[in-house]
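*Asks:* coords below, sequence missing:
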C-alpha cells in the first residue's frame with residue numbers, strides 16, 4: 001500500500017514539475033514574438049526573460065537535488081511584480097492589475113512562493129475568462145504581509161478543474177512560513193484568495 005501511495009506522490013510531483021516547466025517555456029517563447037519594439041519594451045522583455053530563467057533554474061535545481069532550500073528573507077513585493085510580469089507574457093490578452101505598497105519582507109522559500117502565487121493567479125485567470133480582470137495586491141498590516149488575488153469571474157468551484165498544483169499545495173507553502181490562506185467566494189461573481197504571511201523578524205508559534 002505504501003508503495004502505491006509513494007508512486008502516486010511521485011506522479012503528482014512530476015505533473016507539478018511539467019506544469020511549471022510548460023508555463024515558463026510558454027512565457028519565454030512569447031518574449032521572442034516578432035514585431036516592432038521600442039527600446040523600453042525591449043529592455044522590459046530582457047528583464048522579464050532574465051527573471052524567468054532565474055525562476056526556471058530554481059525549479060530545476062530543486063528537482064535535481066531533491067533538497068528544499070531553507071527559508072530566506074525575501075522582498076514579497078518584488079516577487080509579486082516578478083510573478084505577474086512573467087504571467088502577463090504568457091497571457092497577453094488578460095487584464096492583470098497589480099498594486100504593491102511598502103516594505104514587504106518575509107522569511108519564506110522564494111521559489112515555492114513564486115510557484116504558489118502563479119497557481120493562484122492562473123486559477124483567477126481561468127475564472128475571469130478572456131474579458132475578465134484579475135487584481136494582485138500586496139501590502140503590510142502590523143506584523144504580517146498580505147498578498148491578495150481577486151477576479152471578477154464565475155466564482156470558486158464554477159471553473160474547470162485546475163491543471164496546476166492546487167490550493168492545497170498553496171496552503172502548504174503559506175503554512176510552512178506560519179501563515180494562513182483565506183478564500184472568499186460567495187454565490188455572486190468573483191473570488192478572493194489571500195495569503196497572510198508573518199513579516200521577517202516576527203516571533204511565530206511553532
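*Replies:* Sure thing, it's come through. Fair warning: this is a prediction, and the values are worked out from it, not measured in the lab.

*Asks:* Now do the strand or helix carrying residue 194: everything it contacts.
*Replies:* Using DSSP states H and E, residue 194 falls within strand 191-198. Residues from elsewhere that reach strand 191-198 (Cβ atoms under 8 Å, 6 or more residues apart in numbering): 76, 106-108, 116-117, 120, 123-124, 127, 143-151, 153, 155-156, 167, 170, 174, 177-185, 204. The C-beta positions use only the backbone N, C-alpha and C, and glycine is treated the same way.

*Asks:* same check, this time on stretch 99-111
*Replies:* 55, 58-59, 62, 68-77, 79-81, 135-140, 145, 173, 176-177, 179, 197-201.

*Asks:* Which of those residues fall in helices?
*Replies:* 55, 58-59, 62, 76-77, 79-81, 173, 176 (DSSP state H).

*Asks:* ok, and the most crowded of these?
*Replies:* The most crowded member of the ones in helices among the contacts of stretch 99-111, judged by other Cβ atoms under 10 Å, is residue 76 (27 neighbours).

*Asks:* Do I have it right that that one meets residue 147?
*Replies:* Yes - using Cβ atoms under 8 Å, residue 76 is in contact with residue 147, at 6.5 Å.

*Asks:* And the strand holding residue 194, how far out from the chain middle?
*Replies:* 12 Å (Cα atoms, centre = their mean, to the nearest Å).

*Asks:* Could you give the average pLDDT over that strand?
*Replies:* Per-region confidence: strand 191-198 scores 94 on mean pLDDT.

*Asks:* thinking again about what came up before, so what sits against both of residue 76 and residue 147?
*Replies:* Common neighbours of residue 76 and residue 147 (Cβ under 8 Å, 6+ apart) are 138, 197.

*Asks:* hang on, the earlier thing: parallel or antiparallel, which strands does the strand holding residue 194 pair with?
*Replies:* Sheet pairing of strand 191-198 (DSSP bridges) gives strand 144-151 (antiparallel), strand 180-184 (antiparallel).

*Asks:* For residue 51, give its distance to residue 82.
*Replies:* 5 Å (Cβ to Cβ, to the nearest Å).

*Asks:* Apologies, that question was intended for residue 39.
*Replies:* 22 Å.

*Asks:* Among the two, which residue is more densely surrounded?
*Replies:* A count of neighbours by other Cβ under 10 Å puts residue 82 above the other of residue 39 and residue 82, at 20 against 7.

*Asks:* Pull up the per-residue confidence for that one.
*Replies:* pLDDT, residue 82: 86.

*Asks:* who touches it in this structure?
*Replies:* 51, 55, 114.

*Asks:* Now for the chain, the helix or strand with the poorest mean pLDDT.
*Replies:* Least confident helix or strand of the chain, by mean pLDDT, DSSP states H and E, is helix 2-31 with a mean of 67.

*Asks:* mind listing what residue 113 touches?
*Replies:* 74, 76, 79, 173.

*Asks:* and the contacts of strand 191-198, which are buried?
*Replies:* Listed as buried from these are 76, 106-108, 116-117, 120, 123-124, 127, 144-151, 153, 155-156, 167, 170, 174, 177-179, 181, 185; burial here means 16 or more other Cβ atoms under 10 Å.

*Asks:* Double-check residue 96 against residue 118; I have them as touching.
*Replies:* No - with contact defined as Cβ under 8 Å, residue 96 does not count as touching residue 118 (11.9 Å).
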